[in-house]
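[1] Quick one: sequence and predicted model below, then my questions.
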Amino acid sequence: MVRKLPPFAAVRAFEAEARHLSYTMVADKLCLSPSAISHQVRSLEEYLETKLFERRNNKMRLTLTGNAYARKMTSLLDAFEASTLDAINKASQSIRVLCTPGFAAR
């Protein structure tokens, strides 16, 4: 079974844009150009076949669909980050066992 998932970079750009509503600020945070963020968001809109933002007079506002999707994506990305940090912390833990060479050989 193949999952039907949007491109991760587009979701990441959209979620950040939904929080900040500024291509410039998001571009700085993600080390991309504002144009790249705009293209990522538009590609996600095309993938979802719906508008996520209303763009008027150089201002952006989330649509109802965009607002609902942003809340869900923020929640999922927070969980993804927490799981990643848990995995990193568990991988860095080690156990040290001291024993005689004879016991270790058995």
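    Sure, I can see it.

[2] going forward, measure contacts and count neighbours with C-alpha atoms only.
    OK.

[3] Output the contacting helices and strands for the longest helix seen in the chain.
    In the chain, assigned by DSSP state H, the helix with the most residues is helix 64-92. Contact here means 3 or more Cα pairs under 8 Å, 6 or more residues apart in numbering; DSSP states H and E; on that basis helix 64-92 packs against helix 8-20.

[4] do that again at 10 Å, thanks
    Packing partners of helix 64-92 (3 or more Cα pairs under 10 Å, 6 or more residues apart in numbering; DSSP states H and E): helix 8-20, strand 53-56, strand 59-62.

[5] mind putting these in JSON lines, distance to residue 2 and mean neighbour count included?
    Formatted as JSON lines, the helices and strands packed on helix 64-92 follow (distance: least, Cα to Cα, whole Å; neighbours: other Cα atoms under 10 Å):
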{"stretch": "helix 8-20", "distance to residue 2": "16", "mean neighbour count": "20"}
{"stretch": "strand 53-56", "distance to residue 2": "29", "mean neighbour count": "14"}
{"stretch": "strand 59-62", "distance to residue 2": "30", "mean neighbour count": "15"}
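
[6] I'd like to know which of the ones you listed is closest to residue 75.
    helix 8-20 (10.0 Å; Cα to Cα).

[7] Give me the mean pLDDT for the following helix or strand past the closest one.
    Next in sequence after helix 8-20, counting helices and strands by DSSP states H and E, comes helix 23-30. Averaging pLDDT along helix 23-30 yields 93.

[8] in the helix or strand just after helix 23-30, what counts as buried?
    Sequence order places helix 34-48 as the next helix or strand after helix 23-30, per DSSP H and E. By 16 or more other Cα atoms under 10 Å, the buried positions in helix 34-48 come out as 34, 37, 38, 40, 41, 42, 43, 44, 45.

[9] Please tell me how far the residue most central in space within the chain sits from residue 20.
    When Cα atoms, centre = their mean is applied to the chain, the residue found nearest the centroid is residue 12 (3.9 Å). As judged by Cα to Cα, to the nearest Å, residue 12 and residue 20 stand 12 Å apart.

[10] still on that earlier bit, now mean pLDDT and distance to residue 84 too, for the helices and strands packed on helix 64-92, in JSON lines please.
    Compiled in JSON lines, the helices and strands packed on helix 64-92 are given as follows (pLDDT from 0 to 100; distance: least, Cα to Cα, whole Å):
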{"stretch": "helix 8-20", "mean pLDDT": "95", "distance to residue 84": "15"}
{"stretch": "strand 53-56", "mean pLDDT": "91", "distance to residue 84": "30"}
{"stretch": "strand 59-62", "mean pLDDT": "90", "distance to residue 84": "29"}
